[in-house]
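# Model the structure of this input:
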Amino acid sequence: MQSASLPVVVIGAGPVGLAAAAHLLARGLTPLVLEAGPEVGAGVRRWGHVRMFSPWRYNIDPASAELLARHGWMPPGLEQLPTGRELVESYLAPLAATLELAPHVRLHTRVVAVSKQRLDRMKSGQRDAAPFVVRYVQGGEEHDVVASAVIDASGTIDTPNPLGASGLSARGERAASAHIAYGIPDVRGADRARYAGKRVLVVGSGHSAFNVLLDLAAVASEAASTSVHWAIRRASLAAVFGGGTSDQLVERGRLGLRLAKLVEDGAAQVHTGVHIDRVERRGDGLVAWSGETQLAAVDEIIATTGFRPDLTILGELRLGLDPATEAPTALAPLIDPNVHSCGSVPAHGAEELRHPDADVYVVGMKSYGRAPTFLLRTGYEQVRSAVAAIAGDWEAARRVELVLPETGVCSTQLAGDAPSKASGCGSPASSCGAPTSVTPRNTCVTTEIP
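Here you go, the predicted model:
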């Protein structure tokens, strides 16, 4: 552990970043939270209209709740489902405003680089003893702060995956950017005028796509000229809709069932086996191509194709990253969607998040690299464990405590392959074990993006 006089820099003031700060305070360490946005939870605000499928009890960090309770804060109904906006306004904003945490949070502060003091990536001498240098931009000026440790909870929302199936932007994608949205636009609210009465193509097969498709269907029921197309890379819709009534997060299962009914009723035209490599702007609209196959012309495209981490700010550090997922090397095989298509993930903490440079931890959604599954409660456990390690309490760091719900679907089918028989979690054919209050490292727990 570095000198106690230096702060621990936390990059990002989202749910996981603020949880890290709360755990640092509880350990007697000094956090310095650097947030690029104008408010805490700025990234969450971008999907603030979306109702989460995980109830409040999975979205509140225990250390943060203890801090808030000192100021008379009462948690919302633990079984209620918050929107992203409610998560910020009812939880994150009050947390950041506490007397203990408020002095340690800086807004409009973008971290642009992290390194070791007076040591570039090549230098090894006394590397472990050297503190970190964190460079940030505030008010148009560059500043450096020296830190004992760094916790990167900056997320991935600023770096969505492109439409292109090869990991590159599809040819013509940038030229058509004015008519392509990424993530979950507010189709029924602020962005309604953009999509009502239009032909819209949604690309992607995850829960973000589910939300967008259901919202578009609602708009189409009121604006009859709205038409909805849905393109996925998989060869069929088998296993796309999730665990249904077997899902322990009821709303997550219901989301898939609602979409399945929408498709059955013909509210969206489904295109399977689509690997977009080109987007063409024509007089009749935008046309997406998959090899020699062209999809119907549309007015707008919504890419719900996931996100990827921006690792450039950590480029001068020695990181151990899996070449495929871009997650920490020890964590990668536990979350690789090529293996864990059901979202089953063994419990993990500081041990799995360690890098060759000690005391730097990438946590939250960014820790999963390009893997698409994540639950806030997982991030809270990550920072509890990582902060314990930074404080030198490796006994607590290695004691992974996690309770997560099961998806209701477990399959080792590779993403995009022909469908195989999926089994419910807990069934004889399933590798998933029931979640427990202290989850052994070989127990299967499940995570999804709320």
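# Can I get stretch 215-225 in PDB, CA atoms only?
Only the C-alpha atoms of stretch 215-225 are listed here, as PDB (Å, rounded to 0.1, in the frame of the first residue of the first chain):
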ATOM      1  CA  ASP A 215     -41.000   1.300 -27.200                       C
ATOM      2  CA  LEU A 216     -41.100   1.400 -31.000                       C
ATOM      3  CA  ALA A 217     -44.100  -1.000 -30.900                       C
ATOM      4  CA  ALA A 218     -45.900   1.400 -28.500                       C
ATOM      5  CA  VAL A 219     -45.200   4.300 -30.800                       C
ATOM      6  CA  ALA A 220     -46.300   2.300 -33.900                       C
ATOM      7  CA  SER A 221     -49.600   1.600 -32.200                       C
ATOM      8  CA  GLU A 222     -50.300   5.300 -32.000                       C
ATOM      9  CA  ALA A 223     -48.600   6.300 -35.300                       C
ATOM     10  CA  ALA A 224     -49.600   3.700 -37.800                       C
ATOM     11  CA  SER A 225     -47.100   4.600 -40.400                       C
END
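# quick check: mean pLDDT across that stretch?
Mean per-residue pLDDT for stretch 215-225: 94.
# for it, the distance to its chain's centre please.
28 Å (CA atoms, centre = their mean, to the nearest Å).
# Over to the residue nearest the centre of the chain. Which of the three states is it?
With distances taken as CA atoms, centre = their mean, the chain has residue 365 as the residue nearest its mean C-alpha position (3.7 Å). State at residue 365, reduced to three classes by DSSP: H, G, I helix; E, B strand; the rest coil: helix.
# who touches it in this structure?
Contacts here follow CB atoms under 8 Å, 6 or more residues apart in numbering; on that basis residue 365 touches 16, 155-156, 307, 374, 379, 449. Bear in mind the C-beta positions are built from the backbone N, C-alpha and C, glycine included.
# With residue 187 as the reference, measure out to it.
According to CB to CB, to the nearest Å, residue 365 and residue 187 sit 23 Å apart.
# Please convert the contacts of residue 365 to CSV, extending it with secondary structure.
CSV is the format used below for these (three-state DSSP):
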residue, secondary structure
16, helix
155, coil
156, coil
307, strand
374, coil
379, helix
449, coil
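# can you tell me which of those lies nearest to residue 335?
Nearest to residue 335 among the contacts of residue 365, counting by CB to CB, is residue 374 at 8.7 Å.
# What does that closest one show for phi and psi?
phi -170, psi 150 (degrees, to the nearest 10).
# Now do the helices in the protein.
Along the chain, the segments classed as helices by DSSP state H run 15-26, 42-45, 56-59, 62-69, 84-87, 93-96, 192-195, 207-222, 250-264, 332-335, 350-353, 376-390, 394-398.
# pLDDT averaged over the first one - what is it?
Helix 15-26 shows a mean pLDDT of 98.
# ok, now the last one?
When pLDDT is averaged over helix 394-398, the result is 96.
# With only the CA atoms kept, save it in PDB.
Output in PDB follows, covering the C-alpha atoms of helix 394-398 (Å, rounded to 0.1, in the frame of the first residue of the first chain):
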ATOM      1  CA  TRP A 394      -6.300  -9.400   1.600                       C
ATOM      2  CA  GLU A 395      -8.300 -11.700   3.800                       C
ATOM      3  CA  ALA A 396     -11.400  -9.500   3.200                       C
ATOM      4  CA  ALA A 397     -10.500  -9.000  -0.400                       C
ATOM      5  CA  ARG A 398     -10.500 -12.700  -1.100                       C
END
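# In TSV, list the helices of the chain along with distance to residue 241 and mean neighbour count.
Shown next, in TSV, are the helices of the chain (distance: least, CB to CB, whole Å; neighbours: other CB atoms under 10 Å):
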stretch	distance to residue 241	mean neighbour count
helix 15-26	27	28
helix 42-45	26	22
helix 56-59	21	18
helix 62-69	33	18
helix 84-87	23	20
helix 93-96	35	20
helix 192-195	23	16
helix 207-222	8	21
helix 250-264	4	17
helix 332-335	22	22
helix 350-353	30	22
helix 376-390	23	26
helix 394-398	37	15
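# Right, I'll call it a day here.
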